[in-house]
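Novice: A structural model of the following input is requested.
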Amino acid sequence: MFQQIRGNKIKSVLILFLFIIIIGFLGGFIGFIYNNIYIGLILAIFAAVLYSLIVYYSGKSMILAMTGARQVTKQEYPHLYHAVEGLSIAAGIPTPKAYVIDDSALNAFATGRNHNDSIVVVTTGLLNKLNREELEGVISHELSHIKNYDIRVMMLTAVLVGITVLLSDFLLRSVIYGRRDSKGSHPALIIVGLVLALLTPVIGELIKLAVSRKREYLADASGASLTRYPEGLASALEKISKDPDPLVDKANKATAHLFISTPFRKKTGFVTNLFSTHPPLELRIKKLREM
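Specialist: Prediction:
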């Protein structure tokens, strides 16, 4: 598990550098089309910094608004409050604020910038269907995301993917609607620009999803280590996998990777699995029960 944590830290740095290269390349190509590479690079860097700052400082509030989560008190949900508080002490992190989403689906997620600015969100369906050990298993999984700084990495990758999509869209429009006297009107450059504009956001999305899937396995292992009872989380995931209505009404593609399980209705197929934000629940349960 600790080797996996070290490996994820190295991969996170590599992914960051990869995105920087992609963003710089896209910016340079846009600048080349408009006869000034430096302007393109400056534009790309400015957009990346501005977008990153907005999401970094406002991302949590935006996610809460999108999912319809509301903060709860100790009196309203004492078992949730005590689980978050007790496991946070065991994990050695400040106690996150607890939120709930009024939804019958069984799901949960954690988000925030760091240990001191984090929250744990669960659905009311999860609170109603899980027993104490299962709820603690889910909470320990989410607290592991916070402790391992997964929440920051996933926010970062989401920001970088967003930047590549914006720049790719701008590049695509520049190539298609570029001035006839510009370099962008050359047929070879049009082909290169189209390929870049179409493939870059797909590659970025695949990287984000790969990071998300890796960190789900790590959070499962870290959570089980925290409670010293892997069966609690395994049993919770089993109930989640059998949920007849797993759709979280206010979930969307921007927030799907945050949840403990995909918040959409289950679909199968190679393409679906390739773009899935989560590894198969059956495999996660199997790994937990082998611990």
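Novice: Now residue 162. Nearest residue, chain neighbours left out?
Specialist: For residue 162, ignoring the flanking residues on the chain, the nearest one in space by CB to CB, 6 or more residues apart in numbering is residue 51 at 6.3 Å. No exception for glycine: its C-beta is placed from N, CA and C like everyone else's.
Novice: three-state assignment of that neighbour?
Specialist: Of the three states, residue 51 takes helix according to DSSP: H, G, I helix; E, B strand; the rest coil.
Novice: give me every residue that touches the nearest residue to residue 248 once chain neighbours are set aside.
Specialist: Distances taken as CB to CB, 6+ apart place residue 263 nearest to residue 248, at 3.8 Å, with adjacent residues excluded. Contacts of residue 263 were listed using CB atoms under 8 Å, 6 or more residues apart in numbering, and they are 105, 107, 246-248, 251, 255-256.
Novice: Also residue 238?
Specialist: Contacts for residue 238 (CB under 8 Å, 6+ apart) come out as 281, 285.
Novice: quick revisit: could you dump the contacts of residue 263 into JSON lines with secondary structure added?
Specialist: JSON lines is the format used below for these (three-state DSSP):
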{"residue": "105", "secondary structure": "coil"}
{"residue": "107", "secondary structure": "coil"}
{"residue": "246", "secondary structure": "coil"}
{"residue": "247", "secondary structure": "coil"}
{"residue": "248", "secondary structure": "coil"}
{"residue": "251", "secondary structure": "coil"}
{"residue": "255", "secondary structure": "coil"}
{"residue": "256", "secondary structure": "helix"}
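Novice: Nearest to residue 116, out of these: which one, please.
Specialist: When those are compared for distance to residue 116 (CB to CB), residue 255 comes out closest, at 22.0 Å.
Novice: How many neighbouring residues does residue 281 have?
Specialist: By other CB atoms under 10 Å, the residues close to residue 281 number 19.
Novice: ok, then the element right after the least confident helix or strand in the chain by mean pLDDT?
Specialist: Every helix and strand in the chain was compared by mean pLDDT, DSSP states H and E; the lowest is helix 270-274, with a mean of 54. Going down the chain from helix 270-274, the next helix or strand is helix 281-289, by DSSP states H and E.
Novice: now that next one, how far from the chain's geometric center?
Specialist: For helix 281-289, the separation from the chain centroid amounts to 21 Å (computed by CA atoms, centre = their mean, to the nearest Å).
Novice: Pull out the buried residues from it.
Specialist: Along helix 281-289, these residues count as buried under the neighbour rule (16 or more other CB atoms under 10 Å): 281, 284-285, 287-288.
Novice: May I see these arranged in CSV, with distance to residue 220 and pLDDT as well?
Specialist: Formatted as CSV, these follow (distance: CB to CB, whole Å; pLDDT from 0 to 100):
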residue, distance to residue 220, pLDDT
281, 10, 91
284, 6, 93
285, 9, 94
287, 7, 91
288, 6, 93
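Novice: okay if I get those residues as JSON lines plus distance to residue 200?
Specialist: Output for the buried residues of helix 281-289, formatted as JSON lines (distance: CB to CB, whole Å):
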{"residue": "281", "distance to residue 200": "31"}
{"residue": "284", "distance to residue 200": "31"}
{"residue": "285", "distance to residue 200": "35"}
{"residue": "287", "distance to residue 200": "33"}
{"residue": "288", "distance to residue 200": "36"}
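Novice: Identify the farthest-apart pair in the contacts of residue 263.
Specialist: Farthest pair in those, by CB to CB: 246 and 255, 14.6 Å.
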